[in-house]
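Visitor: here are the coordinates; sequence isn't available:
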């Protein structure tokens with residue numbers, strides 16, 4: 001029998017082993033990246049503040065976390081990221097102006113988006129040493145607790161949200177949980193890949209992880225999709241983690257080591273995913289989200305139909 005010291009209650013995976021799991025209350029958002037793929041737009045504006053229709057990418061990620069029951073939001077920032085902190089703060093002059101002009105709907109939306117006072121924390125990643133290093137920078141805030149990790153570049157559209165789907169799996173299995181999605185085999189070399197063991201799509205055993213394998217060496221076509229639930233032991237591993245791919249400290253390398261100590265569960269999420277770190281994914285997300293908005297859908301479709309695309313479609 002395997003027992004963890006982090007516990008609120010027992011969970012029992014199908015293999016009969018008993019595990020102890022602690023409720024996930026904290027989410028970490030790595031937002032220190034330079035956003036070089038979107039230059040010059042991101043020269044002075046964080047890529048996480050790029051908007052899909054009228055909401056910044058980081059707001060979508062926070063909304064997803066709140067839906068899943070997250071109570072504490074930790075942002076790992078870098079230089080020129082102060083606008084993210086401002087976004088999650090009150091702007092009294094703006095609120096007063098909206099109230100004076102009777103724009104109560106917009107005012108209510110602004111207030112609804114804000115986490116409660118004391119629910120946000122910000123820490124600085126002074127050097128761009130990779131995702132693993134960014135996660136490690138949050139160690140003192142997260143403490144000895146499991147946490148969710150959300151990459152804001154990845155935008156998911158689904159009901160319930162992807163993190164909520166993962167939380168449901170975590171309630172059953174404990175341990176660590178990773179969201180995965182199928183990818184065409186010719187594209188697997190650009191992603192972290194997992195090997196699938198026993199269990200349903202809503203929570204199966206992960207037996208192997210490989211970072212950006214050659215197509216012929218990939219154990220499956222299931223990619224790691226930018227959403228994780230991790231136990232705090234990962235911080236100890238990241239503290240001594242050597243640099244991996246790209247000369248950076250990789251979270252996947254630490255997770256590969258953790259697999260020898262703790263279980264990992266994969267959740268093949270329901271919904272659409274958009275890689276908004278790429279221009280194609282970002283533009284596609286804007287179209288999909290715009291067409292899903294009752295207030296602008298008809299007008300947007302009308303304008304699309306009026307475009308003379310010169311046979312380019």
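Guide: That came through, no problem. Everything numeric here is computed off the predicted structure, so don't read it as measured data. Numbers count the residues shown, from 1 in each chain.

Visitor: count of neighbours near residue 284?
Guide: Neighbours of residue 284 under the rule other CB atoms under 10 Å: 17. From N, CA and C alone the C-beta is placed, and that goes for glycine too.

Visitor: correction: the previous question concerned residue 127.
Guide: 10.

Visitor: distance check, it against residue 29.
Guide: 18 Å (CB to CB, to the nearest Å).

Visitor: same check, this time on residue 83
Guide: 14 Å.

Visitor: more neighbours: which of these two?
Guide: residue 29 (25 against 14).

Visitor: how about the more buried one: what's its closest non-neighbour residue?
Guide: residue 75 (5.0 Å; CB to CB, 6 or more residues apart in numbering).

Visitor: and the helix or strand that contains the one you found, what does it pack onto?
Guide: According to DSSP states H and E, residue 75 maps onto strand 72-77. In terms of contacts (3 or more CB pairs under 8 Å, 6 or more residues apart in numbering; DSSP states H and E), strand 72-77 is packed against strand 26-30, helix 82-87, strand 120-124.

Visitor: packed most tightly, which of these would that be?
Guide: Greatest average neighbour count among the helices and strands packed on strand 72-77 goes to strand 26-30 (a mean of 26), per mean count of other CB atoms under 10 Å.

Visitor: quick one: that strand to strand 120-124, angle?
Guide: 40 degrees (axes from the mean of the first three to the mean of the last three CA atoms, to 10 degrees).

Visitor: check the average confidence over strand 26-30, would you?
Guide: Averaged over strand 26-30, pLDDT sits at 96.

Visitor: which helices and strands sit right next to that strand?
Guide: Counting contacts by 3+ CB pairs under 8 Å, 6+ apart, strand 26-30 is packed against helix 57-67, strand 72-77, helix 131-136, helix 139-142, strand 147-150.

Visitor: where among the ones you listed is the average confidence lowest?
Guide: Across these, the lowest-scoring stretch is helix 131-136, with a mean of 92.

Visitor: got any ranges where the stretch 101-250 of the chain has weak pLDDT?
Guide: Scanning the stretch 101-250 of the chain with the threshold set as pLDDT under 70 gives 244-247.

Visitor: where along it do the helices fall?
Guide: Secondary structure of the stretch 101-250 of the chain (DSSP state H, counting those that start in this stretch): helices at 104-113, 131-136, 139-142, 162-173, 233-239.

Visitor: now for these, which one comes closest to residue 301?
Guide: helix 104-113 (23.6 Å; CB to CB).

Visitor: residues of the closest one that come out buried?
Guide: Neighbour-count burial for helix 104-113 flags residue 107 (criterion: 16 or more other CB atoms under 10 Å).

Visitor: so what's the nearest residue to residue 149 once chain neighbours are set aside up against?
Guide: Using CB to CB, 6+ apart and skipping the chain neighbours, the partner closest in space to residue 149 is residue 228 (4.2 Å). Residues in contact with residue 228, defined by CB atoms under 8 Å, 6 or more residues apart in numbering, are 148, 149, 176, 177, 178, 179, 251.

Visitor: hmm, back to that, could the helices and strands packed on strand 26-30 go into TSV alongside mean neighbour count and distance to residue 304?
Guide: Below are those laid out as TSV (neighbours: other CB atoms under 10 Å; distance: least, CB to CB, whole Å):
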stretch	mean neighbour count	distance to residue 304
helix 57-67	22	23
strand 72-77	22	36
helix 131-136	24	36
helix 139-142	16	44
strand 147-150	25	31
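
Visitor: re earlier: my read is that the residue nearest to residue 29 contacts residue 121, right?
Guide: Yes: counting by CB atoms under 8 Å, residue 75 does reach residue 121; the two are 7.2 Å apart.

Visitor: can you get me a residue count around the nearest residue to residue 126 once chain neighbours are set aside?
Guide: Excluding its sequence neighbours, the residue lying closest to residue 126 (CB to CB, 6+ apart) is residue 78, at 7.7 Å. By other CB under 10 Å, the residues close to residue 78 number 18.

Visitor: give the contact list for residue 62.
Guide: 29, 73, 88, 113, 115.

Visitor: return the member of those residues nearest to residue 278.
Guide: Taking those together and measuring to residue 278 by CB to CB, the closest member is residue 29, at 19.2 Å.

Visitor: you'd agree that closest one is up against residue 153?
Guide: No: contact between residue 29 and residue 153 fails when scored by CB under 8 Å: they sit 10.7 Å apart.

Visitor: can you list residues touching both of the two?
Guide: Residues touching both residue 29 and residue 153 by CB under 8 Å, 6+ apart: residue 48.
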